[in-house]
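> Predicted model follows, preceded by the sequence.
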Amino acid sequence: FEPHGPNHDTMRPLLTTGRVTLRPEAVCCRNGMAPLFIKPNSAEDDVGSSGSTLRLEKGFILSGLQVRMEWVPCIKLTTFLREHTITHVRVLKIDAEGCDYEVLEDLLDCWLPVRSPMSPDVETVIAPAITMFDAIFFEDLSTKVPSMAGERDRVVPRMLAVVPDRTFVQVGGERYSMVR
C-alpha cells in the first residue's frame, strides 16, 4: 500500500517478481477517501517526500510549514484481509500515515477467519484479526504527536492481552513482547 502517487509510481517497476502487489491506497481506519497531507522535500519530483500524514495534529502541519494536500483512497486492513480471504500473515510492518493505532485497534475489534495453529484438524477459527499475524512492527508516533499517547496506552495493553505470544515492536522504541 502506497497512497502517495510519486512514491507509488517509482516503486511499481521495481516489483517484477509477481509475488508482490502494490496498491495505490492508504491503510486507514475507514474505507473511502481521506486527505493526505504531504511535507514536500527539495526534489522537484516529490518522490520520497519528507513526511506525510492522514492526521492534522502531526507536528509538521501544526508548525505552519507549507504542506500540500491530496485526496487518496483508503482501505481498512480488515476489509482487505476479508476480501482476499487471508487467514495468516507472518510479518506486518505498519506505516499507516499516523493512523497506526487505529489500524491496530481495528485488528483487535474485527473478528475474521484465522488459521488455527492450536487445532491442526480445524483449518480456520473466528478470532480477532490481530491473531493472524506472527509479528507486527509499528511506529509509536506519540513521541512526535503527544496527543497520541492515549491511543498507545489504550491499544498496546489490549494487544498484549489478546496475543501475548506474538512480537510487537515499536519501531525506534521498546519491544513490547517477545516470541516464546
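Great, that's in hand.
> rest of the way, CA atoms for contacts and neighbours
OK.
> what does the top strand by length along the chain rub up against?
Across the chain, the longest stretch assigned as strand under DSSP state E is strand 68-76. For strand 68-76, contacts defined as CA atoms under 8 Å, 6 or more residues apart in numbering pick out 3-4, 24-40, 103.
> do stretch 13-30 as well
Under the contact criterion CA under 8 Å, 6+ apart, stretch 13-30 has outside partners 1-5, 8, 12, 72-77, 96-97, 99-100, 102-103, 106.
> cutoff 10 Å now
1-5, 7-9, 11-12, 31-34, 36, 54, 72-80, 94-107 (CA atoms under 10 Å, 6 or more residues apart in numbering).
> How about it, which residues are buried there?
Judged by neighbour count using 16 or more other CA atoms under 10 Å, the buried positions of stretch 13-30 are 24-30.
> So Leu107, which state does it fall into?
Leu107 falls in the helix class when you classify it by DSSP: H, G, I helix; E, B strand; the rest coil.
> Pull the number of nearby residues for it.
Using other CA atoms under 10 Å, Leu107 has 22 other residues around it.
> Distance check, it against Thr16.
Counting by CA to CA, to the nearest Å, the separation of Leu107 from Thr16 is 30 Å.
> buried residues in stretch 92-106?
Buried residues in stretch 92-106, counted by 16+ other CA under 10 Å: 94-106.
> so where's this structure uncertain?
18, 40-65, 117-122, 171-180 (pLDDT under 70).
> now do 90
Applying pLDDT under 90 to the chain flags residues 1-30, 34-72, 90-100, 115-126, 134-149, 151-152, 156, 160, 163-180.
> where do the helices sit along it?
Assigned by DSSP state H, the helices in the chain fall at 5-11, 59-62, 77-83, 100-109, 149-162.
> which residues touch the longest one?
Outside of helix 149-162, the residues within contact range by CA under 10 Å, 6+ apart are 100-102, 104-108, 127-128, 130-131, 140-143, 164, 166-168, 170, 176-177.
> between it and helix 100-109, how many degrees?
Helix 149-162 and helix 100-109 meet at an angle of 30 degrees, taking axes from the mean of the first three to the mean of the last three CA atoms, to 10 degrees as the criterion.
> ok now helix 149-162, how far from the chain's centre?
15 Å (CA atoms, centre = their mean, to the nearest Å).
> likewise the fourth one?
Its chain's C-alpha centre and that of helix 100-109 lie 9 Å apart, by CA atoms, centre = their mean.
> counting contacts, what elements does that helix pack onto?
Contacts defined by 3 or more CA pairs under 10 Å, 6 or more residues apart in numbering; DSSP states H and E place helix 100-109 against strand 26-28, strand 68-76, helix 77-83, strand 124-128, strand 133-139, helix 149-162.
> Enumerate the positions of stretch 137-148 that are buried.
With burial defined by 16+ other CA under 10 Å, the residues of stretch 137-148 counted as buried are 137-142, 148.
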